[in-house]
Structures are given as structure tokens and as C-alpha cells.
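Engineer: Let me see the structure of the following:
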Amino acid sequence: MCRWIVLALCALLGACAQVGGLAPPPAALFDDAAFAPPERPVDPAAVFAVSPAMRAYLAERVAPEVRAHGLPRGLIDALYTNRQLNLAYDAESTRNAAETFDARAGNCLSLAILTGALARELGLEVRYQAITLDDSWGREGNLLMSVGHVNVSVGRDVGMARSAAFSPDWWTVDFLPEPQRRNQRTVPIEEARLVAMYLNNKAAEALAGGRTGEAYAWVRAAINADPAYDDAYNTLGVVYQRHGLPLAAERALRHTLARAPEHPHALGNLIPVLRQLGRPDEADAASARLAALRTRTPFAAFDRGRQAMAQGDYRLAKAQFERALGGSLGYHEFHFWLALAHLNLGETEPAITHLRQAEENSSTGRQRALYAAKLERLQGGAGAPALSGVR
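Structural biologist: Numbers count the residues shown, from 1 in each chain. Below you'll find the predicted structure:
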């Protein structure tokens, strides 16, 4: 799953309004003295920076495609259609343009950034769209993440003569598999918002690795890049909480809620902060307010399924995993555990089906290789042990 992150018990990206003429963020939200400076300074200018290797690729590989097909089709063909660059989707980490080019892989945000950087180098216009997917979730350790998506369009300015949406001079690149595109809500975003999303993703990835100081530097830069990006303030609150600064966490989360009163992730993150501060009545009120805003996340059913598996109640586990899948747009881990429940019930064919779906919906090369190996063993008759221990 291609993703931005909105930290639900932390999550990162969010569908957004456009940027322009914004007031700077309140200085009182930041506590730089509480964190050691990161080993490598955060440089937002590096997000779209074009490396010498990228310029060489444009000259040597893209130029012939452009001569044959024109702009922007020549660029898209060179990057994706003809597979010359062999770009692969991989959600293991968020990369800037040069890193994505060197790795030949990235998540949807990274691939959009690379495409935009190369298109801009060729003098093309670039448009970005944030796409919100209903009830789509992921998890990194004990961080629960609401998952979103971005795509990119490149083309020439066609002026007022026709709608760009129907112009052959505009090409849209979307890295999300077709089955995952249902229930989309698309919002045009400016480049500043995309930069903030990148920086916010980096903050969440650092936070998932327990590097709160690094996470603080990334999220501070995200807020500076786009002070209207509410999800970054939510991330800032989680960074403070994980760093043992509950009062600062409360300030950041309440600032998020002042800007977006129905921000469910900020409200959910505020609840444990209030309990930590010894204010259970306020925490209970926030819990009731959150319950009125949304239902439980799919991971509640997933965790119940895991408990049922541990107790040997495979039919209950199967029902809970099916319920989790109903609200997750095919999260790979849910498919895997449903396969395991089927297998323990002697239902081999459904187990193979869901393990195959786990492989198809996985977001990193490491996950895909793991599921492929398990699937091969299961189809070869190795049985239940082939699935044990996969996350």
C-alpha cells in the first residue's frame, strides 16, 4: 500500500487544503532545547534536488523517448511504460528524488517526487493530488497509521483552450493497484504540501525506530514547510509524548484540535496524554467524543483475532480477521492471519487465496519475498508450519 502517514496512535499524511499566505506556526509549540540536534541536518531543499546521475539519465535515456514521442509522454515512457529505469514500488521508507532514483524504488510519495523533479527539469508543469482512502490502515510496531495516497500529473500548460483533465498533453501516473482505488477522494495539493508530507513521513519513520530527536527535527521542518498541515501538529504531539514531555504533547495536540476539531487521530492521541497527566475525567470526555466521531479501527478486531488464535479458537479468529479485512482495503497482515486461521481449520484453498492476497497487498520487497516463500511452501504441501512466525 502506497502511503502517507497520519499517526493514529500516531499517523502521518492527510488530505489537505492548498498552501499560500499562511501565518507561521506558534513558537510556543516548539521545544528545541529538549532534543539533541540530528546527526544530519534536515534539508527540505534536498527533496526535489536533481543529481548529476539524474541529469545524465535525462540526456542519455529520456531524450530519445522525447524525440520519438514528445513531452510529456517521452518522460513517462522512459520512467514507467518502457521500464527503462525499472522503478519499483516499495513502501519500506520514504526517499527524496535522488535517493529514489539511486534505489530504483520508493513508495508512492517518493515516486511522485522523483517524477516531479525530472518533469520540472524538462520544463514541464507538475500537479499533485492527495487521495484519501476510506478506512485504510497500517501499523509499524506500536504505531497505528492511517494510510493515504498521492499521485502526480505532468504536462504542458494548455491554457484556456481546453480542460487539462482531458488533454493528451497531460499524463497522470498513479502507483496504487486498481483494486485499492475504490472510495477515493482526490484533493489537488501544492508542492509545499507534498514537501510537508515527505518530511512528516520521515518523522513517523524515525519515531517508529525510536529516534525521537530525529523525528522532532523532521516534523518541525514539516510544519515550517506548510503551517496549515494539521497532521504534522498531530505528529509533533506524538513525538513529545514518546519523548516523555506530556505537557508539550498536550499543547501540540490541542493546537491540532483547535485547527481541526474533528481530527480523530489527534483526539485519540490526546487521551493517553491526559491519563498520563493524571486527568482521567478529561480523558474520559475525550474518549466519549472520539467514540462519537468514529468506530473502532480494524486493528481492534485483528487483535481479538490474534487472541482467539492463541487460545486455539480458530473459528472465532477467522471471523475477527474477516471483520478486520472489511475495514482495511486489504491490509496484508490481515490476509496472512486469516490464511493461518483457515489453515488451522483444514481449509487449504482459502488459506492459499489469502496468502496470495497478502503477497499482492504487501508494501515492501521484504514482505513480498516472505509471503512468496510461505506460499510456495504451502502449495508444496508443507502445511501449517510454513506460515508460522510471519508478521
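Engineer: On the C-terminal side of the lowest-mean-pLDDT helix or strand in the chain, identify the next helix or strand.
Structural biologist: Among the helices and strands of the chain, strand 11-12 carries the lowest confidence by mean pLDDT, DSSP states H and E, at a mean of 36. On the C-terminal side of strand 11-12, the nearest following helix or strand under DSSP states H and E is helix 52-57.
Engineer: So for that following helix, what gets flagged as buried?
Structural biologist: Burial within helix 52-57, assessed by neighbour count using 16 or more other C-beta atoms under 10 Å, is assigned to 54, 57. Using the backbone N, CA and C atoms, a C-beta is placed for each residue, glycine as well.
Engineer: So which elements touch it?
Structural biologist: In this structure, helix 52-57 makes packing contacts with helix 97-103, helix 108-121, judged by 3 or more C-beta pairs under 8 Å, 6 or more residues apart in numbering; DSSP states H and E.
Engineer: again, only using 7 Å
Structural biologist: Counting by 3 or more C-beta pairs under 7 Å, 6 or more residues apart in numbering; DSSP states H and E, the packing neighbours recorded for helix 52-57 are helix 97-103.
Engineer: Contacts for the helix it packs on, please.
Structural biologist: Taking C-beta atoms under 7 Å, 6 or more residues apart in numbering as the criterion, the residues outside helix 97-103 that touch it are 47-51, 53-54, 95, 106, 110-111, 113-114, 117.
Engineer: 8 Å instead?
Structural biologist: Contacts made with helix 97-103 from outside it, assessed by C-beta atoms under 8 Å, 6 or more residues apart in numbering, are listed as 46-51, 53-54, 57, 85, 87, 90, 95, 106, 110-111, 113-114, 116-118.
Engineer: likewise stretch 305-312?
Structural biologist: With C-beta under 8 Å, 6+ apart as the contact definition, stretch 305-312 has outside contacts at 314, 316-321, 324, 337, 340-341, 344.
Engineer: okay, and for the protein, where does confidence drop off?
Structural biologist: Flagging of the chain using pLDDT under 70 yields the residue ranges 1-22, 82-84, 91, 132-148, 157-169, 175-185, 294-299, 327-330, 362-367, 380-391.
Engineer: any idea how it splits into domains?
Structural biologist: For the chain, whose domains are defined here by automatic domain parsing, the residue ranges read 5-207, 298-386.
Engineer: Run through the strands of the chain in chain order.
Structural biologist: If DSSP state E is used as the criterion, the strands of the chain fall at 5-7, 11-12, 88-89, 105-106, 125-140, 143-155, 170-173, 184-189.
Engineer: so what secondary structure elements neighbour the third one?
Structural biologist: Counting by 3+ C-beta pairs under 8 Å, 6+ apart, the packing neighbours recorded for strand 88-89 are strand 105-106.
Engineer: again, only this time at 10 Å
Structural biologist: For strand 88-89, the helices and strands in contact under the criterion 3 or more C-beta pairs under 10 Å, 6 or more residues apart in numbering; DSSP states H and E are strand 105-106, helix 108-121.
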